[in-house]
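[1] Compute the structure for the input listed below.
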Amino acid sequence: MAKVGTQNNTHKRRIADRWGPALVDEGFTPLSNYFLKNYHRLTPRLRPSEVLILIHLMTFKWDLAHPRPAFRTLAKRMGVTPSAVRAHARNLERKGFVKRYQRVGQTNRFNLDPFLERMRDLKKSDEHHEKQRPTEESDRLDAAISPVSPVSVTIYGAVGAVLPIERGGGKLRHGGVMIKTTATT
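    All right, here's what the predicted structure looks like:
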């Protein structure tokens, strides 16, 4: 039995409905939003023309096989010369983002695995840092102060004396009583 509203949700998410049938008639290229938001963070840095080459190469990557478009085809799609595309491909290879397999009398094959692996590594690094990031204000205060540090303590709206406090478990205490603090430096 189909879920209520499933057909409407599917209909709203169809690419042809968003772009219009005429614009997707020749197909579409699925790209990771993470890639689009974060490619600028890769090192060495990618130039916009190199990113565009990668995107165009993705239009030829339908499965695990390496895409093999002609430089002339890429150049026509990008509005540049084949020698410009060749230079960008060399730069991508020199920077370690692609491996080109040059074939006599045939188009090059482009191995995008190095690029995809760098994107995966960046994502893993982001996930690791996300787990390490304090999630609550008390955790941030806990990380910012030493085990016994003076802080300005607000009790019932009045600023009290500077007291030594203990920290632990993301909570701040003085003599076993929970206290609200603002760090002072």
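[2] where's F110, which helix or strand?
    Per DSSP states H and E: F110 is located in strand 109-111.
[3] Who does that strand pair with, and is each partner parallel or antiparallel?
    Using DSSP bridges, the strands paired with strand 109-111 are strand 99-101 (antiparallel).
[4] hmm, who's touching the partner strand?
    Strand 99-101 is contacted from outside by H66, A89, E93, N108, R109, F110, N111, D113, P114, using CB atoms under 8 Å, 6 or more residues apart in numbering. C-beta coordinates here come from the backbone N, C-alpha and C atoms, glycine included.
[5] Checking the first one next. Helix, strand or coil?
    Assigned state for H66: coil (three-state reduction, DSSP: H, G, I helix; E, B strand; the rest coil).
[6] was I right about it contacting F110?
    Yes. In this structure, H66 is within contact of F110 by CB atoms under 8 Å, at 5.7 Å.
[7] the more surrounded of these two?
    Shown here are H66 and F110; by other CB atoms under 10 Å, F110 has more neighbours (25 against 18).
[8] Would you check that the more buried one makes contact with R103?
    No. Here F110 does not reach R103: they are 11.3 Å apart, not a contact under CB under 8 Å.
[9] quick one on the thing from earlier: can you pick the most crowded of the contacts of strand 99-101?
    Greatest neighbour count in the contacts of strand 99-101, by other CB under 10 Å, goes to F110: 25 neighbours.
[10] Show the low-confidence segments of this structure, by residue range.
    Where the chain drops to pLDDT under 70, the residues are 1-12, 134-185.
[11] hey, where'd the helices end up in the protein?
    Remark: helices assigned in the chain by DSSP state H are 6-13, 15-19, 21-24, 33-38, 48-58, 71-78, 82-94, 113-132, 137-144.
[12] Give me the domain ranges for the chain.
    8-124, 137-182 (automatic domain parsing).
[13] which one is F115 nearest to, not counting chain neighbours?
    Closest residue in space to F115, ignoring its immediate chain neighbours: F97 at 4.3 Å, by CB to CB, 6 or more residues apart in numbering.
[14] again, but for L42
    Nearest residue to L42, sequence neighbours excluded (CB to CB, 6+ apart): R118, at 5.7 Å.
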